[in-house]
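K.L.:
Next input, structure requested:
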Amino acid sequence: MRQKLTVPIFVACALLLANTGTPAMSHFVESGANSSLAGFPMRTNVTGNGCVRAGIESGCLNFITEDKKNSYSLHFDPKNMPTAETMIHFEGTTMDVDTCMQGTPVKVTKWNALKTKCPAESK
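P.N.:
I've put the predicted structure just below:
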């Protein structure tokens, strides 16, 4: 009897855990007047020129625009991403949350390297 109850309980626990493992960066909120998620931040298109730098958190890329007015946490396609200390122009859309915690999270949709070099970091 004990063995017959163990398997269904194990399966139920596995299903519950599978439904809670969605990564935070995959949650986008559609913008527009017909959004059914009122009260949540809306996606915004953003562009910028600046330097990609390694973030404080492992695997994160921080970006401060050339005019130093905006800071972003950039998320690239892993198959097409710049290295740290590269000047780029990017286009993307804001995300609601990420784990990097440095600037506004942005899913980059398009980017290209610029010929200028990153300025030395001020300390």
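
K.L.:
Tell me how many other residues crowd G103.
P.N.:
Burial of G103, expressed as a neighbour count using other Cβ atoms under 10 Å, amounts to 19. For glycine as for every other residue, the C-beta is placed from the backbone atoms N, C-alpha and C.

K.L.:
Mind listing the residues bridging to the closest residue to it other than its chain neighbours?
P.N.:
Distances taken as Cβ to Cβ, 6 or more residues apart in numbering put S71 closest to G103, at 3.3 Å, once the chain neighbours are dropped. With DSSP bridges as the criterion, S71 is bridged to I64.

K.L.:
which ones are touching S71?
P.N.:
Applying Cβ atoms under 8 Å, 6 or more residues apart in numbering, one finds that S71 lies in contact with 62-65, 102-104.

K.L.:
got it, and L74?
P.N.:
Contact analysis of L74 by Cβ under 8 Å, 6+ apart lists 52, 61-63, 90, 92, 106, 108.

K.L.:
hmm, back to that, who wins for most neighbours among the contacts of S71?
P.N.:
Of all the contacts of S71, F63 has the most neighbours under the rule other Cβ under 10 Å, reaching 24 neighbours.

K.L.:
May I ask which two of the contacts of L74 are separated the most?
P.N.:
When the contacts of L74 are compared pair by pair using Cβ to Cβ, the two farthest from each other are N62 and G92, 14.3 Å apart.

K.L.:
can you pull out the strands in the chain?
P.N.:
When secondary structure is read from DSSP state E, the chain shows strands at 45-54, 61-65, 71-75, 86-94, 104-113.

K.L.:
which one of those strands lies closest to S122?
P.N.:
strand 61-65 (10.7 Å).

K.L.:
What is the least confident helix or strand in this protein?
P.N.:
Every helix and strand of the chain was ranked by mean pLDDT, DSSP states H and E. The lowest is helix 2-19, at a mean of 51.

K.L.:
returning to that earlier point: export the contacts of S71 to TSV and tack on pLDDT?
P.N.:
What follows is these, written out as TSV (pLDDT from 0 to 100):
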residue	pLDDT
N62	95
F63	95
I64	91
T65	92
Q102	91
G103	93
T104	95
